[in-house]
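S.K.: I'd like to go over a predicted model; first the sequence, then the structure.
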Amino acid sequence: MMNGFVRLKYFGRTVTHVRSVFAARNGGRYQSSKIENSQDGNPLLKYLTMKIKATGPFTVAEYMREVLTNPLKGYYMHHDMLGEHGDFVTSPEISQIFGEVFNQFQYLLNACDISIHLVEVSPKLSEIQALNLTKKSTEAKDEDTSSCYKIGITKTGLPINWYYHIQDVPSGYTFYIAHEFFDALPIHKFQKVQDEWREILIDVDPEIPQKLRFVLGSSCSPIAKTFVQADEKRNHVEVCPEAAIIIQKLANQLKKYGGAALIADYGHSGDKEDTFRGFRSHQLHNVLVDPGTADLTADVDFNFLKMMIGNTVSSFGPIAQHEFLRNMGIDLRLKVLMENAKDHTMQTHLMQSYDVLMNPDKMGKRFQFFSIFPHGRLEQTSKNKYPLAGFTELEMS
């Protein structure tokens, strides 16, 4: 089935645009940011307030783009946000087991010529990736003559390319991996008011010029008319048009060239309302306070992604992380690591990190896995000829 070449395209936590804290929503009224001394002298806040005063309130999506990817002061452009001393950790940093359970895919890839394509807008994370993957053996490319901005060779000899946008990545038979990517894309927020959808906007507090607040738009939003379904039962929804564009592009690519896509993210199945939040130093942080110093995010609506895919390709999931990892053999891998652990401290660390990944009250249930692939692959799965790894219960022979 894979007699040509395989491109692994990875969309990480900080791709195309980006992330956020609780929206301070209370009974349908939207509160402004609290006064904090840290906001004094914040250049991005000054820029945002000047922009609002000049052009009027703007959408949450526009706010997220500015806060996260503003070239001068955007959060993703200058911060080293990962790890213990950063603002958040992702599953691979929590435990080695997370990555090791995917080793069973290796036999599929060994017989193929592989190239790796990373979509990454953060200069800081791009540096970290280059260090971890290539020992800094990278070369900058002229963006006027090349679709990628950097190339390199991994420690194992695989070619690797960096891009700013998904549309820049070459087409072909591809396995896409989007890990904590979709939750970082800009969202529009809508509130139902007397049977019409009003968009939630961000404005300057008239009583305190250097403070931001949420306000409701005065009329029904055209974006809501396009993306919010007529039978929507919720009173508050979050919509991500960029996610719609990207998932449709992936679906069309898979239909035409083959491959598969695995999406791993915090998300829900169309039942949650207000999930817009921010993180700083591993703590929730008010999204309107001190913009540019905290990560911004919103849970992925997997029902929305399914709707955008339509009948172009097939899909599995979403299923909770604890189910997916168990189907991938995480318990067997933990057993081996525990038996080979040299001391009690290592065993304790393994069990604690396993608990974070698998406990339904931690990441085990909130983190979801979702896959899309050509219809022919689903036909193979339905005949039990080739079970879909991670989405099919692991059976021991």
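M.R.: Structure received. Numbers count the residues shown, from 1 in each chain.

S.K.: Least confident secondary structure element in this protein?
M.R.: Sorting the helices and strands of the chain by mean pLDDT, DSSP states H and E puts strand 25-26 at the bottom, at a mean of 30.

S.K.: in the stretch 101-250 of the chain, which spans are helices?
M.R.: 106-109, 123-134, 222-227, 241-257 (DSSP state H, counting those that start in this stretch).

S.K.: For residue 191, which of those helices is the nearest?
M.R.: helix 222-227 (9.8 Å; CB to CB). For every residue, glycine as well, the C-beta is placed using N, CA and C.

S.K.: I'd like the distance from that closest one to the chain centre, please.
M.R.: Taking CA atoms, centre = their mean, to the nearest Å, the mean C-alpha location of helix 222-227 is offset from the chain mean by 23 Å.

S.K.: Does anything pack onto it? Which helices or strands?
M.R.: Helix 222-227 makes packing contacts with strand 188-193, strand 196-204, strand 236-239, helix 241-257 when contacts are defined by 3 or more CB pairs under 8 Å, 6 or more residues apart in numbering; DSSP states H and E.

S.K.: Please list the residues outside stretch 196-205 that contact it.
M.R.: 23, 30, 32-33, 49, 52-53, 57-60, 63, 188-192, 211-221, 223-225, 228, 237, 288 (CB atoms under 8 Å, 6 or more residues apart in numbering).

S.K.: Check which residues of that stretch are buried.
M.R.: By 16 or more other CB atoms under 10 Å, the buried positions in stretch 196-205 come out as 197-205.

S.K.: got CSV for those, with distance to residue 274 and pLDDT too?
M.R.: Shown next, in CSV, are those (distance: CB to CB, whole Å; pLDDT from 0 to 100):
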residue, distance to residue 274, pLDDT
197, 15, 96
198, 15, 96
199, 14, 97
200, 9, 98
201, 15, 98
202, 15, 98
203, 18, 98
204, 22, 97
205, 20, 95
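
S.K.: Pick the one among those residues closest to residue 364.
M.R.: Of all the buried residues of stretch 196-205, residue 364 sits closest to residue 200, with 31.1 Å by CB to CB.

S.K.: Beta-bridge partners for that closest one, please?
M.R.: residue 216 (DSSP bridges).

S.K.: Just grab the bridge partners of residue 237 for me.
M.R.: Bridge pairing for residue 237 (DSSP bridges) gives the partners residue 190.

S.K.: Distance of residue 222 relative to residue 196?
M.R.: Remark: distance between residue 222 and residue 196 (CB to CB, to the nearest Å) = 12 Å.

S.K.: Let me fix that, I meant to ask about residue 334.
M.R.: On the measure of CB to CB, residue 334 and residue 196 end up 52 Å apart.
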